[in-house]
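Participant: What follows is a predicted structure for the sequence shown.
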Amino acid sequence: MRQVIIYPGEDGYWVAECPSLPGCISQGKTKEEAITNVREAIQGYIAALKEDRLPVPEERFEALLVAV
């Protein structure tokens with residue numbers, strides 16, 4: 001299980017990224033599409049690490065909402 005941050009991009013698409021996997025970013029026309037795409041990106045990222053016999057980073061990201 002991985003945490004994902006999703007936010008609107010400047011081009012009108014939704015951006016989804018997985019902070020615990022550096023560079024693992026995807027996008028979609030809708031939030032749902034971005035989530036589906038980043039899920040596939042995460043699976044591919046982890047599969048590539050395993051194929052190359054590299055360690056898979058642990059999920060260490062913690063998100064907080066701060067009211068200002």
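Facilitator: Thanks, I have it. Note that the structure is a prediction, hence the values are computed from the model and not measured.
Participant: Strands of the protein, start to end?
Facilitator: Taking DSSP state E as the criterion, the chain contains strands spanning 5-8, 14-17, 25-28.
Participant: Please identify the most buried of those.
Facilitator: Among these, ranked by average contacts under mean count of other CB atoms under 10 Å, first place goes to strand 14-17 (a mean of 20). All C-beta spots, glycine's among them, are computed from the backbone N, C-alpha and C.
Participant: Please compute how far it lies from its chain's middle.
Facilitator: Between the centre of strand 14-17 and the centre of its chain there are 7 Å (CA atoms, centre = their mean, to the nearest Å).
Participant: quick one: contacts for the closest residue to residue 24 other than its chain neighbours?
Facilitator: Among residues not flanking residue 24 along the chain, residue 18 sits closest, at 4.3 Å (CB to CB, 6 or more residues apart in numbering). Each residue near residue 18 by CB atoms under 8 Å, 6 or more residues apart in numbering is listed here: 2, 3, 4, 5, 24, 25, 38, 41, 42, 45.
Participant: Not counting sequence-adjacent ones, nearest residue to residue 58?
Facilitator: residue 20 (7.1 Å).
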